[in-house]
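Engineer: Quick check, what structure comes out for this input:
(chains A and B)
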2 protein chains.
Amino acid sequence: MVRVHNLAVSLDGFATGEGQSLEAPFGHAGGRLMEWFFPTKTFVGMSGHESEAVGSGTRGVDDAFASATSERIGVEIMGRRKFGPQTGPWEDESWRGWWGEEPPFHTPVVVLTHHERPDLVVGETTFLFRDLPPAEALSLATGLAGGLDVRLGGGPTVVREFLAADLVDHLHVVVVPILLGRGVRLWDGLEGLEERFTTEVTASPSGVVHYVFTRKPSAPRGPRAPR
Amino acid sequence: MVRVHNLAVSLDGFATGEGQSLEAPFGHAGGRLMEWFFPTKTFVGMSGHESEAVGSGTRGVDDAFASATSERIGVEIMGRRKFGPQTGPWEDESWRGWWGEEPPFHTPVVVLTHHERPDLVVGETTFLFRDLPPAEALSLATGLAGGLDVRLGGGPTVVREFLAADLVDHLHVVVVPILLGRGVRLWDGLEGLEERFTTEVTASPSGVVHYVFTRKPSAPRGPRAPR
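Structural biologist: Sure, this is the predicted structure:
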């Protein structure tokens, strides 16, 4: 199974704001797309994070969805922009990700980039930098997953490419009731996606809406012809 | 009060598909944006409509929202493309709208168009064709409303213009879990809209999500500076 979890988009469909940088990983969106997530028990419990939440975090519907993120996951695939704010050739290899010396993955992580560099071990996580199209990246990841599932960790461009190639089995998207106006759109080029999935919709008291798309076993496999 | 009701958009933000025509008022979207509405008691009860719904229609959450559409409404403002599929100068004036000889409005309707034509009375509805910017259209409509509210009936381009001019008090949007991929977007150019409104979110068993935006009395009036 290839799974996407906790992918937050604004009501106008942007999964990242404009102007990503070291100081602003989500660009002008700031933390607004993830405010539903920060109070949850799942987030509070992550190593190295602190939160203003009371006790050990909320356990309502937002946490119910968030907590599924790491269940039976053996590997992650992410885009380079999730790993860091740099673009183009690596000027040096001192950047070790956003997550400090114990990243929350604890599995191999395949970082898709046109600019490869040597594997990097940080705590219990090994990052592999590879220039591969989606299907080949998935083959590599599946081999590393030890029989568990593959999490597709984003960002939105990578998720969109895997969706277009029909390689995603489970897609959890969180719609946040704000209008970002600009940034990276998740849904472009995916007309008719819903036909291949069953859709479940759950509104949370926090104001976000959780969409879970589960691939229909009967849907024909393979990339779909552009319309 | 200026109110928008039952404005349906796809999950990727399109309120109308591509290719509007006499045969396809919503373009390639067909009826898919309004399937949540057709079974409701409100729709079934509209004059001239028939439905496959059992009895007199559903009375659940979708109908609860739909039924507010006509409460205390004294006038409607609509875009020309809601009135008909024609563009440019009127070739003749034989088109009397989509709705037959008893349109469901029963009030004056201001049709915004660059191509004016004489007022048109159909049943209990009078259509006035005017080339006016949003604030002036609203002045005209308010004068016709007899102390009741103004409904802004769409399409999405007109609603977007009134939102940009900060002339909307109540906005009910229905997000339908499909990806249309192309058409007319509702949300473009409205970054930060949520700051002026309180937002209420309700998921329906039908799969759609009802968003109600109510203008905060404390929000400063007037068009907002572009960002």
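Engineer: Please name the nearest non-neighbouring residue to A:A29.
Structural biologist: Of all residues not flanking A:A29 in the chain, A:G17 sits nearest, at 3.2 Å (CB to CB, 6 or more residues apart in numbering or on different chains). Just so you know, the C-beta spots here come from the backbone N, C-alpha and C atoms, and that holds for glycine as well.
Engineer: again, but for A:R32
Structural biologist: Nearest non-adjacent residue to A:R32 (CB to CB, 6+ apart): A:I178, at 5.7 Å.
Engineer: next one: A:E116
Structural biologist: Counting by CB to CB, 6+ apart, A:F129 is the residue found nearest to A:E116 once chain neighbours are left out, at 4.9 Å.
Engineer: Also A:V209?
Structural biologist: Here the residue nearest A:V209, using CB to CB, 6+ apart, is A:V175, at 4.6 Å.
Engineer: again with A:P104
Structural biologist: Per CB to CB, 6+ apart, closest to A:P104 is A:M46, 5.1 Å.
Engineer: picking that back up, can you name the residues that contact the residue nearest to A:E116?
Structural biologist: Neighbouring residues of A:F129 by CB atoms under 8 Å, 6 or more residues apart in numbering or on different chains: A:80, A:111, A:113, A:115-120.
Engineer: Next, see if the longest strand that chain A contains gets close to chain B.
Structural biologist: Taking DSSP state E as the assignment, the strand of chain A that covers the most residues is strand A:2-10. No. Strand A:2-10 lies out of reach of chain B by CB under 8 Å from any CB of the partner chain, never closer than 8.6 Å.
Engineer: Export that strand to CSV, keeping only CA atoms.
Structural biologist: Extracted in CSV, the C-alpha atoms of strand A:2-10 (Å, rounded to 0.1, in the frame of the first residue of the first chain):
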residue,chain,number,x,y,z
VAL,A,2,1.1,3.5,-0.8
ARG,A,3,-0.3,6.0,1.7
VAL,A,4,-0.5,9.7,2.0
HIS,A,5,-1.5,11.2,5.4
ASN,A,6,-2.2,14.6,6.9
LEU,A,7,-1.7,16.5,3.6
ALA,A,8,-3.3,19.8,4.4
VAL,A,9,-4.6,22.2,1.8
SER,A,10,-6.4,25.5,2.0
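Engineer: Walking through chain A, point out its helices one by one.
Structural biologist: Secondary structure of chain A (DSSP state H): helices located at A:41-44, A:61-66, A:80-83, A:134-144, A:156-164.
Engineer: now for the fourth one, which elements pack on it?
Structural biologist: What it means is helix A:134-144. On a contact count with 3 or more CB pairs under 8 Å, 6 or more residues apart in numbering or on different chains; DSSP states H and E, helix A:134-144 meets strand A:73-79, strand A:108-112, strand A:125-130, strand A:149-152, helix A:156-164.
Engineer: Show the average pLDDT along it.
Structural biologist: Mean pLDDT, helix A:134-144: 98.
Engineer: So which bits of that helix are buried?
Structural biologist: Residues A:134, A:137-138, A:140-142, A:144 are the ones in helix A:134-144 that count as buried (16 or more other CB atoms under 10 Å in any protein chain shown).
Engineer: before we move on, what about stretch A:111-123?
Structural biologist: So for stretch A:111-123, counting by 16+ other CB under 10 Å, buried means A:111-113, A:117, A:120, A:122.
Engineer: Could you do stretch A:208-227 as well?
Structural biologist: So, applying 16+ other CB under 10 Å, buried residues of stretch A:208-227: A:208-215, A:224.
Engineer: do the same with stretch A:200-209
Structural biologist: Within stretch A:200-209, the residues that qualify as buried by neighbour count (16+ other CB under 10 Å) are A:201, A:203-204, A:206-209.
Engineer: wait, which of these is closest to B:A29?
Structural biologist: Taking CB to CB as the measure, B:A29 sits nearest to A:V201 out of the buried residues of stretch A:200-209, at 19.0 Å.
Engineer: Residues in a beta bridge with that closest one, which ones?
Structural biologist: In this entry, A:V201 is beta-bridged to A:Y211, by DSSP bridges.
Engineer: what's it in contact with, if anything?
Structural biologist: For A:V201, the contact set (CB under 8 Å, 6+ apart) comprises A:209-211, B:177, B:203, B:207-209.
Engineer: returning to that earlier point: quick one: the buried residues of stretch A:208-227 as TSV, columns for pLDDT too.
Structural biologist: Formatted as TSV, the buried residues of stretch A:208-227 follow (pLDDT from 0 to 100):
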residue	pLDDT
A:V208	98
A:V209	98
A:H210	98
A:Y211	98
A:V212	98
A:F213	98
A:T214	98
A:R215	97
A:R224	61
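Engineer: May I have the predicted confidence score for A:E23?
Structural biologist: A:E23 is given a pLDDT of 85.
Engineer: same deal with A:P85?
Structural biologist: In this model, A:P85 carries a pLDDT of 88.
Engineer: next one: the helix or strand of chain A with the lowest mean pLDDT to chain centre, how far?
Structural biologist: Here the helix or strand of chain A ranked lowest by mean pLDDT, DSSP states H and E is helix A:41-44, holding a mean of 90. The chain centroid and the centroid of helix A:41-44 are separated by 17 Å under CA atoms, centre = their mean, to the nearest Å.
Engineer: and what of stretch A:95-103?
Structural biologist: Worked out by CA atoms, centre = their mean, stretch A:95-103 lies 17 Å from the chain centre.
Engineer: Give me the buried stretch members for that stretch, please.
Structural biologist: Neighbour-count burial for stretch A:95-103, counted by 16+ other CB under 10 Å, picks out A:96-97, A:99, A:103.
Engineer: Great, nothing more from me.
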